[in-house]
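Enquirer: Build the 3D model from these lines:
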Amino acid sequence: HRLANGLSGLGVGTGDTVAVFDYDSNRFLECFFAIPMMGSVLQMVNWRLSAEQILYTLNHAEAKTVIINSDFLPILEAIRDKLRVPVVCLLQDEDGFLDGLPEPFKSRSWQILAQRARHVDGFVAVSEYYGNKIRERLELDESRVEVIYTGIELEGYVPASQPPECPTIGFLSQMCEAKG
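Expert: Numbers count the residues shown, from 1 in each chain. Below is the predicted model of the structure:
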């Protein structure tokens, strides 16, 4: 319900189309369930199309909001002035990759990301820590970053009285020794 509540706060309602411009990621998986759960229509954007084709599909589907991965901000930059909807960027783990680059590429990459952030209406971070870190790195106003925690809420969850006959693993994100 977390992502659905966040989208509702942006004015997305029943019957509205939400375009998701992302890889198959844990954030994409959340969108895949949260958007239809709230009665909205999920539009999966094919990032392999040209910028003009993407613009056409977004406008033709009458998307109310576009959710985009930061990797696709260069495409957004090319069509932003013709796009008629707000754009929200999902932030997760950009720092791990960019900070691992050698100089001068690391500094230049952060500069480019900060420049492209100007084309985005709002950002969603996965934690307060990460939201604050990205706000500082990209020099964003506090009002442009909202924290929506990943995962599911366990309020009201009651565990099964018996374990399942066949144990299953639901979802593994990434395993990174540096992150515990």
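Enquirer: Where does the prediction get shaky in the chain?
Expert: Along the chain, segments meeting pLDDT under 70 span 1, 151-154, 167-180.
Enquirer: quick one, helices of it?
Expert: 2-9, 26-37, 51-60, 73-79, 94-98, 105-116, 128-138 (DSSP state H).
Enquirer: name the helices or strands packed onto the shortest one?
Expert: Translated: helix 94-98. Contacts defined by 3 or more CB pairs under 8 Å, 6 or more residues apart in numbering; DSSP states H and E place helix 94-98 against helix 105-116, helix 128-138. (C-beta placed from N, C-alpha, C; glycine too.)
Enquirer: So in terms of bridging, what pairs with the residue most central in space within the chain?
Expert: In the chain, the residue lying closest to the centroid (CA atoms, centre = their mean) is Leu90, at 2.5 Å. Leu90 has these beta-bridge partners by DSSP bridges: Asn69, Val124.
Enquirer: How about the contacts made by it?
Expert: Residues near Leu90 by CB atoms under 8 Å, 6 or more residues apart in numbering: 22, 27, 67-70, 123-124.
Enquirer: dump the residue contacts of Val85.
Expert: Residues near Val85 by CB under 8 Å, 6+ apart: 19, 58, 63-66.
Enquirer: Okay, and which of those residues map to strands?
Expert: Among the contacts of Val85, the members falling in strands are 19, 63-66 (criterion: DSSP state E).
Enquirer: any chance of these in a markdown table, plus distance to Tyr149 and neighbour count?
Expert: Formatted as a markdown table, the ones in strands among the contacts of Val85 follow (distance: CB to CB, whole Å; neighbours: other CB atoms under 10 Å):
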| residue | distance to Tyr149 | neighbour count |
| --- | --- | --- |
| Ala19 | 23 | 25 |
| Ala63 | 25 | 25 |
| Lys64 | 23 | 20 |
| Thr65 | 19 | 22 |
| Val66 | 22 | 25 |
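Enquirer: between those, which is nearest Ser161?
Expert: Thr65 (41.3 Å; CB to CB).
Enquirer: Wait, that closest one touches Val20, no?
Expert: No - judged on CB atoms under 8 Å, Thr65 makes no contact with Val20 at a distance of 9.6 Å.
Enquirer: Just give me the neighbour total for His119.
Expert: 18 (other CB atoms under 10 Å).
Enquirer: brain fart, Ile148
Expert: Ile148: 21 surrounding residues under other CB under 10 Å.
Enquirer: Now do the contacts for it.
Expert: Here Ile148 is in contact with 2-3, 5-6, 124-126 (CB under 8 Å, 6+ apart).
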